[in-house]
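Colleague: take a look and give me a structure for this.
(2 chains)
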Amino acid sequence: MNKILLVIQREYLVRVRNKTFILSTILTPLLFAGLITTVTIISVKNIDHEKIAVIDNTGTLEGNLENTKALSFEFPKGVDSTNYIAKGYTALLYTPGGNVQGYKLVSKKQFGMVAESQLEDKINETLENQLLKSKYNVDVKELEAERKRIGSAKIDQTYQEGSEVKKGNSGLAYGIGYGSGFLIYITLLIYGNMVMRGVTEEKTNRIAEVIISSVKPFQLMIGKIIGIGAVGLTQFLIWIILLVGLTTAATALLSRETLQQAQESTQQMPGGSIQAAGGAASGFADFADTLSQANWFLIIGCFLFYFLFGYLFYASLFAAVGSTVNEDAQDAQSLQLPITMPIIVSIIIMINAITNPSGSLATWASMIPFCSPIVMMARIPFGVPGTVPYWQLALSMVLLVAGFLFTTWVSAKIYRTGILMYGKKATWKEMLKWAFRSN
Amino acid sequence: MHLLQLKNLKKYYATQKAVDDISFSIEQGSIFGLLGPNGAGKTTLLRMITGIFYPDEGEIIFNGKKFDPMNDTLFIGYMPEERGLYKKMKIGEQALYLARLKGLSKSEAMEKIKYWFTRLGMESWWNKKVEDLSKGMSQKLQFVATVLHEPKLIILDEPFSGLDPVNANLIKDEIFELARRGSTIIFSTHRMEQVEEICDHIVLVNQGKKILDGTVQAIKQQFKENLFRVQLSNMLTDVHSEAFEVVNQSGNQLTVKINDGSISNDVLRYFLNENASIEAFNEILPSLNEIFIRQVEGTRSTRQFQNVTV
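Modeller: Residues are numbered from 1 along each chain as shown, chains lettered A, B, ... in the order given. This is a model prediction of the structure:
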């Protein structure tokens, strides 16, 4: 036992003291938060205010064209393309009529996409309002007021959970489920690989033989797995602290108004990545409102459970594969495939499960230890015992723990043989033989 | 007293008998040579002694009791042929880790490490990483890590490979010193001249079987061919005697083989009678190298072996 502790200590300290670890642990959330903040600020600050002089040939726009945050319209006399800049305007807009065909914008610099689309929207809106007024006699201002008075329909979802009636929020559940499923998926791959590389390093450096003459192979393997698991937990803890800190700092720094502005402006922006960042920024705004609705105690508890046992389940398999690899990195890749496949399949099932958390695919997949850590985490936020009955949760957990014991037992046997085997590449058939022979 | 006794050890793999019924015993405080061509089963044998493998059959008696890998490995230091160290780990921490895995407390381990680092001139290495060391330097570190916990049994697999003559001598002296203080040393190598110099007792294994067992002197006696070298001050042209035959003659030096029933004095007597003045007369004992080659030649692994060492 004491020896396992020594191994854990070494595996942990060597990795945690590593410069790459320190940098990636601290920089990742900083980069992420920095990106979101920068995009938010830029999307707000970057909108220049354009003062536009309108030469209104239609004669209907004057007084009807409303100013926006980015655009203001004036209808001055005696302004033309030669003197609009001197008079303090950034652009000159001709409306159709006379010898002007269509709308023409003259400016010294190219208008941004946002400003251009806002301008178009504004003109269209004004024309539409005029049409409504003249043809159907609808006063748009009155219509708006009436709309505000009636209010729009909003569905208030509640559901029965035991004797408790709970307020539902499928969007939040979706977000949490997706996020935690994905997080487990990534950690399984990252830390599983770390275990594999650690084992391969020990084998190819021939240190395994020295260590195995002091500790049992099982102690070395389990020590490494626990040590690296602890590294993972440490990294998560630091990330959570940093993210919470940064989110608080960001929300304090950027006022709610700015965030809403950002939301507004990005809604009109094309382009996926900006949209996503903007979405995240807007997410902050209603974060606090909906956050309290989730059962955090249960979700975090289950997350830690599935994270830990999912990791343990797969880590020993990765260790077994690592022990059979020789110097050739290509071997590692091909041997690794049967282990990474179920993880990748899990994430595909998870994406399906999250839209249909009570479906039979989701239910079955959340029982099987190979994919339960990822799939079950996608279902839990939808409610326990509403969506996931207690018996399913319990069965899934028991099966995962049993699965972990089984994979560790099998892997220990493969590991014991593989770690001291040099020269030829092991086949899966051989590994199975090592795993299931009696001694 | 025997520190280690192997009784009818067997370890079979699917395709070969790696160790096939080997028995021998090792005297406490002796330096024991385990020899054999590549693939003879030495490593498997050593791994059974270090508790890495369990024998299929047979028994290992360590220090008078049945070998218990869980506890007895604390009294064994093993330095495998392929050097194994964590490349990214600092040297001091590495030595400390390996010593503590052998059951030393932290303070004990520190004390021993300081002693050995000072003794072998490695004090300044503490904060260096293994990847910064040359092959010979990491060899020294590995040696220190092997003997740090003062094991009763030290197993060294090719301890001198990669060492320059100065460091090889340094390690050799340490090996003698350890043996003098009561440690038993198993020394596995292909380098026969080192074996002749260092070992008291040797065992030769080939294809999983023990083919020789005895002290270096006894084995040489066993394989001697009654060859003698005679150095004369003048040249004799016609040497002929019933007691011996001349195998080789070059200048004043003759190599003679004594016939059955005669003794070395008969050779001397002949040359005295011939009135030749004898400058030197000595028996030619076969070198271990010759014995080794003779013993394993003709077997399947010979060619493979010869490529590597001769």
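
Colleague: list the residues that contact the closest residue to B:Asn63 other than its chain neighbours.
Modeller: Nearest non-adjacent residue to B:Asn63, counting by Cβ to Cβ, 6 or more residues apart in numbering or on different chains: B:Leu3, 6.1 Å away. Backbone N, C-alpha and C define where each C-beta goes, glycine included. Contact analysis of B:Leu3 by Cβ atoms under 8 Å, 6 or more residues apart in numbering or on different chains lists B:26-29, B:62-63, B:152-153, B:184.

Colleague: so what touches stretch B:255-273?
Modeller: By Cβ under 8 Å, 6+ apart, the list of residues contacting stretch B:255-273 reads B:225-230, B:232, B:241-249, B:278, B:281, B:283-284.

Colleague: mind listing the helices for the stretch 301-439 of chain A?
Modeller: A:329-355, A:360-365, A:372-379, A:390-418, A:428-436 (DSSP state H, counting those that start in this stretch).

Colleague: could you tell me the least trusted of the ones you listed?
Modeller: The minimum mean pLDDT among the helices of the stretch 301-439 of chain A belongs to helix A:428-436 (a mean of 75).

Colleague: which other helices and strands contact it?
Modeller: When contacts are defined as 3 or more Cβ pairs under 8 Å, 6 or more residues apart in numbering or on different chains; DSSP states H and E, helix A:428-436 packs onto helix A:390-418.

Colleague: the helix it packs on vs helix A:372-379, what angle?
Modeller: 150 degrees (axes from the mean of the first three to the mean of the last three Cα atoms, to 10 degrees).

Colleague: helix A:390-418 - contacts with which helices or strands?
Modeller: Going by 3+ Cβ pairs under 8 Å, 6+ apart, helix A:390-418 lies up against helix A:217-253, helix A:296-324, helix A:372-379, helix A:428-436.

Colleague: of all those helices, which one is nearest A:Tyr174?
Modeller: With Cβ to Cβ as the criterion, A:Tyr174 lies closest to helix A:372-379 of the helices and strands packed on helix A:390-418, at 8.9 Å.

Colleague: compute the inter-axis angle for the closest one and helix A:329-355.
Modeller: Between helix A:372-379 and helix A:329-355, the angle comes out at 30 degrees (the same axes, to 10 degrees).

Colleague: run through who's touching helix A:372-379.
Modeller: With Cβ under 8 Å, 6+ apart as the test, helix A:372-379 has contacts from A:177-178, A:180-181, A:184-185, A:188, A:302-303, A:306-307, A:309-310, A:313, A:343, A:346-347, A:349-350, A:353-354, A:357-358, A:362, A:365-366, A:387-388, A:393, A:396, A:399-400.

Colleague: can you do 7 Å?
Modeller: The contact list for helix A:372-379 (Cβ atoms under 7 Å, 6 or more residues apart in numbering or on different chains) reads A:177-178, A:180-181, A:184-185, A:302-303, A:306, A:309-310, A:346-347, A:349-350, A:353-354, A:357, A:362, A:365-366, A:387-388, A:396, A:399-400.

Colleague: count the residues that sit near A:Ala145.
Modeller: Neighbour count of A:Ala145, defined by other Cβ atoms under 10 Å in any protein chain shown: 10.

Colleague: for it, give its distance to chain B.
Modeller: 71 Å (Cβ to the nearest Cβ, to the nearest Å).

Colleague: give me the mean pLDDT for whichever strand or helix holds that residue.
Modeller: Secondary structure assignment for A:Ala145, by DSSP states H and E: helix A:140-150. Mean pLDDT, computed over helix A:140-150, is 82.

Colleague: centre of the chain to that helix, how far?
Modeller: 39 Å (Cα atoms, centre = their mean, to the nearest Å).

Colleague: can you list contacts of it?
Modeller: Against helix A:140-150 from outside (Cβ under 7 Å, 6+ apart): A:129, A:132-133.

Colleague: out of the helices and strands packed on helix A:390-418, which one sits most buried?
Modeller: Comparing the helices and strands packed on helix A:390-418 by mean neighbour count (mean count of other Cβ atoms under 10 Å in any protein chain shown), helix A:372-379 ranks first with a mean of 30.

Colleague: C-alpha coordinates for it, PDB please?
Modeller: Taking Å, rounded to 0.1, in the frame of the first residue of the first chain, the C-alpha atoms of helix A:372-379 are listed here in PDB:
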ATOM      1  CA  SER A 372     -22.600   5.200 -19.600                       C
ATOM      2  CA  PRO A 373     -20.200   7.900 -18.300                       C
ATOM      3  CA  ILE A 374     -20.900  10.100 -21.300                       C
ATOM      4  CA  VAL A 375     -24.500   9.200 -22.100                       C
ATOM      5  CA  MET A 376     -25.800   9.200 -18.500                       C
ATOM      6  CA  MET A 377     -24.300  12.600 -17.900                       C
ATOM      7  CA  ALA A 378     -26.400  13.900 -20.800                       C
ATOM      8  CA  ARG A 379     -29.600  12.500 -19.300                       C
END
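
Colleague: who's in contact with residue 139?
Modeller: Using chain A. A:Asp139 sits in contact with A:Lys133, where contact means Cβ under 7 Å, 6+ apart.

Colleague: ah, no, chain B please
Modeller: Taking Cβ under 7 Å, 6+ apart, one finds B:83, B:162-163 in contact with B:Gln139.
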